[in-house]
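A.B. asks: next input, structure requested:
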Amino acid sequence: MRKASRSSEDDTEIDMTPMLDIVFIMLIFFIVTASFVKESGIQVHRPDAKTSVKANKANIMIAVSSNNEVWMEKRRVDVRAVRANVERLRAENPEGSVVIQADKDAKSGVVMEVIDAVRQANVTNYVVATTKK
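C.D. replies: Next up is the predicted model:
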């Protein structure tokens, strides 16, 4: 009789499998729902503006450097390729907005070409990034 009671004591363990399943499901949930910071690829000195407003949920970042180079997704692109890149990124995330980060020393003509390419990609919610004065 004593032998039977000893074996029942040995079998009393907590099964950790369901808890591990829940932890992994929560981890996957947090990874999928996390918003990741997107960067254009270069540091830009934005112009000052008194009327600047903080924009939330910027998904497509376009930067125009002081050398009039256009950068998207940490790589240099031609101005003529901006429209195709914006259309591709909008297909991946239709709700995303476009932020144009133009250096204060960049030529306005290049910035206007980028804005025109964004408009040709049928994007209406775009902003030009500034620094609050």
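A.B. asks: what's the domain layout of the protein?
C.D. replies: Residue ranges for each domain of the chain read 2-33, 48-132, as given by automatic domain parsing.
A.B. asks: what mean pLDDT does the first one get?
C.D. replies: Here domain 2-33 scores 76 as its mean pLDDT.
A.B. asks: ok, longest helix in the chain?
C.D. replies: In the chain, assigned by DSSP state H, the helix with the most residues is helix 17-33.
A.B. asks: tell me how far the helix or strand where Gly109 lies lies from the chain's centre.
C.D. replies: Following DSSP states H and E, one finds Gly109 within helix 108-120. Average the C-alpha atoms of helix 108-120, do the same for its chain, and the two points are 21 Å apart (CA atoms, centre = their mean, to the nearest Å).
A.B. asks: can you give me the strands for the protein?
C.D. replies: Read by DSSP state E, the chain holds these strands, from start to end of the chain: 48-49, 58-64, 70-72, 75-77, 97-102, 126-128, 131-132.
A.B. asks: how about the longest helix of the chain as CSV, C-alpha atoms only?
C.D. replies: What follows is helix 17-33, C-alpha atoms only, in CSV (Å, rounded to 0.1, in the frame of the first residue of the first chain):
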residue,chain,number,x,y,z
THR,A,17,3.0,23.3,-21.9
PRO,A,18,-0.2,25.4,-21.9
MET,A,19,1.5,28.3,-20.2
LEU,A,20,4.3,28.3,-22.7
ASP,A,21,1.8,28.2,-25.5
ILE,A,22,0.1,31.3,-24.1
VAL,A,23,3.4,33.1,-23.7
PHE,A,24,4.4,32.4,-27.3
ILE,A,25,1.0,33.5,-28.6
MET,A,26,1.3,36.8,-26.7
LEU,A,27,4.8,37.3,-28.0
ILE,A,28,3.6,36.8,-31.6
PHE,A,29,0.7,39.2,-30.9
PHE,A,30,3.0,42.0,-29.6
ILE,A,31,5.4,41.6,-32.5
VAL,A,32,2.7,41.8,-35.1
THR,A,33,0.9,44.8,-33.5
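A.B. asks: no further questions, thank you.
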